[in-house]
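[1] Sequence and computational prediction follow.
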Amino acid sequence: MSIIDNGKPNRVKRIDLQKQADDPAQFSHLLSDGERDEIRKKAKLTVQNEMKDRAEKLLLDQYLKEEREATDPDQVLMPIFLQLAGHANYIMLDGVIYHHEVLHHVTPAVFATLAEVQARDTRTRRRSRPPAHVGVGNFQDHRNPRDLVVSSGQLAGASASSMLGLRG
């Protein structure tokens, strides 16, 4: 360490290590062509079995869902089309995202919750003035002079109140 190093110790460059892997060509002289073909068939069969198991599991899940819907009235799916405010792109319930302006098929419990959230949002947007105990910041359409972009053609004969959307 010297003054030129600014008090920092000399850093040794890292050694680039690569994961060691066996080269299949290295052992090619140990296996005959017939044995290689058998290994390839075994690999192909293994992959096919994995795909078959995955498809079987998906089909079983689908059939279980259908049977639960048929026997349990709490599991019957109901359609709901969400229309939320501009600032809300989605609602998340129990880790599941329900997007704005998309048709969702949900259980009655989730339907009731989504419908309630949507109804509250609609009531809030339709209010003309806020309740006495709430400030007016949520009800002003959030237009501030610094947010406006106006061209010179729009300025001709326009008053400040008309540009801000204020009622006179």
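    Looks like it arrived, so ask away.
[2] Now Leu77. Nearest residue, chain neighbours left out?
    His105 (4.1 Å; Cβ to Cβ, 6 or more residues apart in numbering). For the C-beta atoms, the positions are set from N, CA and C on the backbone; glycine is no exception.
[3] who's in contact with the one helix or strand that neighbour maps to?
    Element membership of His105 [criterion: DSSP states H and E] is strand 103-106. Here strand 103-106 makes contact (Cβ atoms under 8 Å, 6 or more residues apart in numbering) with Leu77, Met78, Pro79, Ile80, Phe81, Leu82, Tyr98, Leu114.
[4] Mind checking which of these are buried?
    Buried members of the contacts of strand 103-106, counted by 16 or more other Cβ atoms under 10 Å: Ile80, Leu82, Tyr98, Leu114.
[5] taking these one by one, which sit in helices?
    Among these, the residues falling in helices (DSSP state H) are Leu114.
[6] circling back: the strand holding His105 pairs with which strands?
    Applying DSSP bridges, strand 103-106 is found paired with strand 78-81 (antiparallel).
[7] Tabulate the CA atom coordinates of whichever helix or strand comes after the partner strand in PDB.
    Going down the chain from strand 78-81, the next helix or strand is strand 90-93, by DSSP H and E. Only the C-alpha atoms of strand 90-93 are listed here, as PDB (Å, rounded to 0.1, in the frame of the first residue of the first chain):
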ATOM      1  CA  TYR A  90     -56.300  -3.600 -10.500                       C
ATOM      2  CA  ILE A  91     -57.600  -5.000  -7.200                       C
ATOM      3  CA  MET A  92     -55.500  -7.600  -5.400                       C
ATOM      4  CA  LEU A  93     -57.300 -10.100  -3.200                       C
END
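[8] what lines up beside strand 90-93 in the sheet?
    Short version: by DSSP bridges, strand 90-93 pairs with strand 96-99 (antiparallel).
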